[in-house]
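Trainee: Structure, please.
(chains A, B, C and D)
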2 protein chains.
Amino acid sequence: MRKRINALAEQLLDTLEQKGYRSTEPRRAMAQVIANQDKHFTAEDLRKQLPSLGRATIFRSLKLLVETGMVCRVLLEDGDLHYQLSHRGHHHHLLCVECGSSQDLLGCDIEDLLQQTSARHGFELSGHWLEVYGRCNACRNVEQTVELANA
Amino acid sequence: MRKRINALAEQLLDTLEQKGYRSTEPRRAMAQVIANQDKHFTAEDLRKQLPSLGRATIFRSLKLLVETGMVCRVLLEDGDLHYQLSHRGHHHHLLCVECGSSQDLLGCDIEDLLQQTSARHGFELSGHWLEVYGRCNACRNVEQTVELANA
DNA sequence: AATGAAAAGATACTAGGTATCAATATTCGC
DNA sequence: GCGAATATTGATACCTAGTATCTTTTCATT
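Mentor: This is a model prediction of the structure:
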């Protein structure tokens, strides 16, 4: 019996099927768990939430999801690579170092800027990797509230 | 007997000493090898060139050099982390995907741009990681020469 | 239901890095 | 220059993240 899963999970599976990959029971379970993550995660995080799945299966399906663009890798400040749900297409993240949440960076003309700067160095740009670290609005507000409470 | 090493290696060791770390024979050997690398490298690369040093020693000294800012980590396009000589201070690299060379990215106002964009998202920026990939001048010229030769 | 391909799971393996600890170098005070 | 105190080393075991291999299971098709 096919478990009921949410719309986002359904979307992950649909995309896999569009690329010719089967929507199996383990993949449905994984899609559901990934759809429920509210921040970046590791393969190990998924494994704890899916103890019945084999380790290799998790890595394999994760890889598929990255290849099909549904999940992306994010670089943490310390150099660790984690995964997170992707909102498709090339984009950058604002990673909150406090709560681990991430927002997509919109309205950033970095590509143009890099293009120009690279050209000045005689460099033919083909790609780039950018992560931005800081504190999100919510975490800043929490701190402010605490400060007020202590005042 | 203290081996003679070049000026750049000497500088690495001096910096370590300024931070209170000893300039030992293994570290002198490592500094010399690192000073001779012309592109990014891995701990394993160093180990091949320094077979007499213990593995842990290489990792430990590499870590020290990163902490003191003499060596930095660079993120390759595939997510691998390598090391390279650092030219001190925060800066970004133009990494040539063909020959592995890297240039420092100068005259790039990305900090300001990120600051502004983050602020629009209610995000308090504290840091970022940027790597730029492409082909350096030399590699582009080689290709052009080959094309002309074949024409 | 039979079959062939895809996927799963177990397992062993690899790479990159850290922890532990006894043995060795190095520095410092004399 | 000598010895004690301390930093560093190397060996080893360990850890995490990921891949390779191979047999069994599941899936979709007929």
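
Trainee: near chain B, which residues of chain A show up?
Mentor: A:73, A:75, A:77, A:79, A:81, A:94, A:96-97, A:103, A:105-110, A:113-114, A:117-118, A:120-137, A:140 (CB under 8 Å from any CB of the partner chain). The C-beta positions use only the backbone N, C-alpha and C, and glycine is treated the same way.

Trainee: and the residues you listed, which are buried?
Mentor: Buried by 16 or more other CB atoms under 10 Å in any protein chain shown: A:75, A:94, A:96, A:103, A:105, A:108, A:110, A:114, A:117-118, A:121, A:123-125, A:128-136, A:140, out of the residues of chain A next to chain B.

Trainee: which residues sit against stretch A:10-28?
Mentor: With contacts defined as CB atoms under 8 Å, 6 or more residues apart in numbering or on different chains, stretch A:10-28 is touched by A:2-3, A:5, A:9, A:31, A:34-35, A:50, A:53, A:57, A:61, A:64-65, A:68-70.

Trainee: Could I have the PyMOL command that selects the buried members from these?
Mentor: Selection of the buried residues among those in PyMOL, burial being defined by 16+ other CB under 10 Å:
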select buried, chain A and resi 5+9+31+34+35+50+53+57+61+64+65+68+70
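
Trainee: just the contacts of stretch A:10-28: which has the poorest pLDDT?
Mentor: When the contacts of stretch A:10-28 are compared by pLDDT, residue A:2 scores lowest at 47.

Trainee: what about residue A:42, how many neighbours?
Mentor: 13 (other CB atoms under 10 Å in any protein chain shown).

Trainee: now it: how far from residue A:81?
Mentor: From residue A:42 over to residue A:81 the distance is 8 Å, taken as CB to CB, to the nearest Å.

Trainee: Likewise for residue A:17?
Mentor: From residue A:17 to residue A:81 the distance is 27 Å (CB to CB).

Trainee: do the same with residue A:34
Mentor: According to CB to CB, residue A:34 and residue A:81 sit 16 Å apart.

Trainee: in chain A, what residue is nearest DNA strand C?
Mentor: DNA strand C sits closest to residue A:54 of chain A, with a gap of 3.0 Å, by CB to the nearest atom of the strand.

Trainee: Spell out which parts of chain A neighbour DNA strand C.
Mentor: Proximity of chain A to DNA strand C (CB under 7 Å from any atom of the strand) is limited to residues A:21-22, A:24-27, A:52-57, A:60-61.

Trainee: if we go to 10 Å?
Mentor: Taking CB under 10 Å from any atom of the strand, the part of chain A that reaches DNA strand C is made up of A:16-17, A:19-30, A:50-61, A:64, A:78-79.
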